[in-house]
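Trainee: here is a sequence with its predicted model. Questions after.
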Amino acid sequence: QVQLVESGGGLVQAGGSLRLSCTASGRTFSTYAMGWFRQAPGKVREFVAACSSSGGITRYLGSVEGRFTISKDNAINTVYLQMNSLRPEDTAEYYCAARRTALVLTTPNSYDYWGQGTRVTVSS
């Protein structure tokens, strides 16, 4: 069982930056692929970014590529989402997810564990 706790959300103006963190419990974090998803009110949960268990392979939603960066620090059981040049359309609840696999996963149903979410609001 893995427990995930996100932090770092908040209110920011358009063009600003935030860094989300997701810390996992357990001793086998290095074997887990990680993902970030978001869900805006009234919309379905969508993929944002994912990385392999080592953190060496990454995937991004097209609209965030070049602005967001996912990174994984296996030494401290934490995955980050650095978000730059934020836009009002990035406003959503952001969730991290984990699955013990060597693959990079981009669909919500692929993940076994989820955090509780952290809210990001970008004002125009």
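Mentor: Cool, got the structure.
Trainee: gap between the residue lying closest to Ser123 once chain neighbours are set aside and Ser21?
Mentor: Once its chain neighbours are removed from consideration, Ser123 has its nearest residue in Gln13; the separation is 5.4 Å (CB to CB, 6 or more residues apart in numbering). Heads up, the C-betas are built off the backbone N, CA and C, glycines and all. According to CB to CB, to the nearest Å, Gln13 and Ser21 sit 21 Å apart.
Trainee: pretty sure the residue nearest to Ser123 contacts Val122?
Mentor: Yes. Here Gln13 lies in contact with Val122, judged by CB atoms under 8 Å, at a distance of 7.3 Å.
Trainee: more crowded one of these two?
Mentor: Val122 (20 against 10; other CB atoms under 10 Å).
Trainee: which SSE is the more buried one in?
Mentor: In this assignment (DSSP states H and E), Val122 forms part of strand 118-123.
Trainee: in CSV, could you pull the C-alpha coordinates for that strand?
Mentor: Below are the C-alpha coordinates for strand 118-123, written out as CSV (Å, rounded to 0.1, in the frame of the first residue of the first chain):
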residue,chain,number,x,y,z
THR,A,118,-4.1,20.1,-4.3
ARG,A,119,-5.9,23.1,-5.8
VAL,A,120,-4.2,25.4,-8.3
THR,A,121,-6.0,28.6,-9.2
VAL,A,122,-4.5,30.9,-11.9
SER,A,123,-6.0,34.4,-12.1
